[in-house]
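J.: fold the following, please.
(2 chains)
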Amino acid sequence: MVATCIRALPDEGCGLLLGTTHGDVVDVVASPNVAASAKVYEIDPRVLLRAYRRADDEDLEVIGVFHSHTHSAAYPSATDVRQAPDPTWHYVVVSLATLPIEVRSYSIIDEEVTEEVVRIEAVTRSRADD
Amino acid sequence: MSALLRIPTVLRPAMGGESSIVVDGSTIGAVLAHVTQKYPAVKGQLLNDDGTLHRFLNVYVNDDDVRYLGGVDAVVTDTDEITLIPAVAGGAW
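T.: Next up is the predicted model:
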């Protein structure tokens, strides 16, 4: 996620989280930011389509999204809250505003933001952008 | 024409809980009219008041984004697979 967001600079970087409904992330799917902006992001709908199909094939779910804030904190903005598409998802925000880079995750339900614990259990090699 | 409509997780509770349904209609507009008549609660998430596609909704017929195929006028044939994909967007601004 961090590598994707750094590569996306000066724009916001983004991607999807594939995993189980228990909140275990199995894979991170990088996406182009089709908004091509340092202030907003939009997941490439083709990446969404492929992710949903892969999730069906592999008995997984799309369980969340990550994106970066290039100059602000790792906390969902009003835009993030307003446009959160799915109350079951995990919303990860990567802040590149300061070092060390911050990665935080949240649930957003009925516009209420609750931080979640992020537990890293394994490190695997990242693939090239999908 | 009957095609398969794949329903995203977030819309399933308001659309009978199914992951996919068979739909009638020879265009995307006709298909969505069928869907919104059956499930009126989702109409605002699929269509604007003027009948055009909601800006935060992506619709694919097989591998093609319908915004390049005429939007609601995009043709649907038997064996087509239509996928509704709510946009995922946000940002610091």
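J.: touching, A:Glu111 and A:Thr79? I think so.
T.: No - judged on CB atoms under 8 Å, A:Glu111 makes no contact with A:Thr79 at a distance of 11.7 Å. Heads up, the C-betas are built off the backbone N, CA and C, glycines and all.
J.: overlap in contacts, the two.
T.: Residues touching both A:Glu111 and A:Thr79 (CB atoms under 8 Å, 6 or more residues apart in numbering or on different chains): there are none.
J.: so which of these two has more stuff around it?
T.: Neighbour count, other CB atoms under 10 Å in any protein chain shown: between A:Glu111 and A:Thr79, A:Thr79 has more, with 16 against 11.
J.: right, and the more buried one touches A:Ile108 too?
T.: No - between A:Thr79 and A:Ile108 there is no contact under CB under 8 Å: 11.5 Å.
J.: what's the burial count for A:Val121?
T.: Val isn't right for residue A:121; it's Glu. 6.
J.: check B:Asp78 too.
T.: Residue neighbour count, defined by other CB under 10 Å, stands at 9 for B:Asp78.
J.: which residue is the nearest non-sequential neighbour of the residue nearest in space to the middle of chain A?
T.: Of all residues in chain A, the one closest to the mean position by CA atoms, centre = their mean is A:Phe66, 1.1 Å from it. Leaving aside its sequence neighbours, A:Phe66 sits nearest to A:Val92 (CB to CB, 6 or more residues apart in numbering or on different chains; 3.7 Å).
J.: who are the packing partners of whichever helix or strand the one you found is part of?
T.: Assigned by DSSP states H and E, A:Val92 belongs to strand A:90-95. Here strand A:90-95 touches strand A:61-69, strand A:102-109, going by 3 or more CB pairs under 8 Å, 6 or more residues apart in numbering or on different chains; DSSP states H and E.
J.: try 10 Å this time
T.: Packed against strand A:90-95 by the contact rule (3 or more CB pairs under 10 Å, 6 or more residues apart in numbering or on different chains; DSSP states H and E) you find helix A:2-8, strand A:14-19, strand A:25-31, strand A:61-69, helix A:78-82, strand A:102-109, strand A:112-116.
J.: now the longest one, how far from the centre of its chain.
T.: Relative to its chain's centre, strand A:61-69 lies at 2 Å (CA atoms, centre = their mean, to the nearest Å).
J.: go on, stretch B:23-40?
T.: The answer for stretch B:23-40 is 8 Å, by CA atoms, centre = their mean.
J.: partner residues bridging the closest residue to A:Pro45 other than its chain neighbours?
T.: Spatial nearest neighbour of A:Pro45, excluding adjacent residues (CB to CB, 6+ apart): B:Asn58 at 3.9 Å. Per DSSP bridges, the residues bridged to B:Asn58 are B:Ile85.
J.: re the thing from before, now the angle from the strand holding A:Val92 to strand A:102-109?
T.: Computed by axes from the mean of the first three to the mean of the last three CA atoms, to 10 degrees, the angle separating strand A:90-95 from strand A:102-109 equals 150 degrees.
J.: average pLDDT for strand A:90-95?
T.: The pLDDT scores in strand A:90-95 average 98.
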